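*Asks:* output the structure for:
(chains A and B)
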Amino acid sequence: QQQVKQSPQSLIVQKGGISIINCAYENTAFDYFPWYQQFPGKGPALLIAIRPDVSEKKEGRFTISFNKSAKQFSLHIMDSQPGDSATYFCAASSGANSKLTFGKGITLSVRP
Amino acid sequence: DVKVTQSSRYLVKRTGEKVFLECVQDMDHENMFWYRQDPGLGLRLIYFSYDVKMKEKGDIPEGYSVSREKKERFSLILESASTNQTSMYLCASSLRGIEQYFGPGTRLTVT
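*Replies:* Okay, here's the model as predicted:
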């Protein structure tokens, strides 16, 4: 049973466009929702994260939108740049430990 | 800056060999994790540890074991490597439930 599901599986966006990646979860005990970014040859790195007490969090060009009733959260990348081309993972965890459940990841390509 | 280092970037082993993957973090983090990453399957947790000499199974522990004798070091052991363990292995550490910091990964090929 996949507890965290990402969509789409891959995404191609033109430079300057908006990239939107969606994530759905099943476990209502989850209370921490991060997005990780991974470039080829590197380990994933935390991009932005949200807790369910807020519906939106923005850091620069990156925004997480959170819908608790729908059990969904999404990553929006505004003014997408070729340097944003990477694999993006959503994840979720619950409780005091930091054990994360990851989605399968999506590959974003931003065309010049 | 937090640094998580892994002993090898690339490793080639033969079927049946015992394989050790080492991970070291320099930020005194309590939590350490081992994942494997496969195309289309994302990151899957193998084992994790909340403290020295403590370990817990993740989602896919079969065929693996771990060792944590010192706080900064977490080792993944493949007792008898098999071809289906060919994968990218990622180590991560975190401080009390917050951000996980990942190493660069070890690409293991078992022939």
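*Asks:* every contact and neighbour count from this point should use C-alpha atoms.
*Replies:* Fine.
*Asks:* low-confidence regions, chain B specifically.
*Replies:* For chain B, the stretches with pLDDT under 70 are B:1-2, B:97.
*Asks:* now swap in chain A and tell me
*Replies:* Scanning chain A for pLDDT under 70 picks out A:1-2, A:96-98.
*Asks:* tell me the residues of it that contact chain B?
*Replies:* Residues of chain A lying near chain B by Cα under 8 Å from any Cα of the partner chain: A:41-46, A:89, A:96-99, A:101-105.
*Asks:* filter the residues you listed down to the buried ones, ChimeraX style.
*Replies:* Under the burial definition 16 or more other Cα atoms under 10 Å in any protein chain shown, those of these that qualify are selected in ChimeraX by:
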select /A:43,44,45,46,89,98,99,101,102,103,104,105
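*Asks:* now, the most widely separated pair of the residues of chain A next to chain B?
*Replies:* Farthest pair in the residues of chain A next to chain B (Cα to Cα) is A:41 and A:96. Separation: 30.8 Å.
*Asks:* excluding sequence neighbours, find me the nearest residue to residue A:34.
*Replies:* Closest residue to residue A:34 apart from its sequence neighbours, by Cα to Cα, 6 or more residues apart in numbering or on different chains: residue A:49 at 3.9 Å.
*Asks:* got a list of what the one you found touches?
*Replies:* Counting by Cα atoms under 8 Å, 6 or more residues apart in numbering or on different chains, residue A:49 makes contact with A:32, A:33, A:34, A:35, A:57, A:64.
*Asks:* now, which of the residues of chain A next to chain B sits nearest residue B:22?
*Replies:* Once Cα to Cα is applied, the member of these that ends up nearest residue B:22 is residue A:43, at 15.3 Å.
*Asks:* just give the nearest non-adjacent residue to the residue nearest the centre of chain B, would you?
*Replies:* When Cα atoms, centre = their mean is applied to chain B, the residue found nearest the centroid is residue B:34 (3.1 Å). Computed as Cα to Cα, 6+ apart, the closest residue to residue B:34 that is not its neighbour in sequence is residue B:91, at 4.7 Å.
*Asks:* what secondary structure does the one you found sit in?
*Replies:* strand (DSSP: H, G, I helix; E, B strand; the rest coil).
*Asks:* cool, residue B:75 as well?
*Replies:* Secondary structure, three-state DSSP: residue B:75 is strand.
*Asks:* same check, this time on residue A:36
*Replies:* Quick answer, by three-state DSSP: residue A:36 is strand.
*Asks:* so it sits right up against residue A:47, yeah?
*Replies:* Yes - the pair residue A:36 and residue A:47 passes the contact test of Cα atoms under 8 Å, sitting 5.2 Å apart.
*Asks:* how near is the residue nearest to residue A:34 to residue A:6?
*Replies:* 16 Å (Cα to Cα, to the nearest Å).
*Asks:* check residue A:33 too.
*Replies:* To residue A:6, residue A:33 is 13 Å away according to Cα to Cα.
*Asks:* now do the shared contacts for the two.
*Replies:* residue A:90.
*Asks:* next up, the contacts around the residue nearest to the centre of chain B.
*Replies:* So residue B:34 contacts B:45, B:46, B:47, B:48, B:76, B:89, B:90, B:91, B:92 (Cα under 8 Å, 6+ apart).
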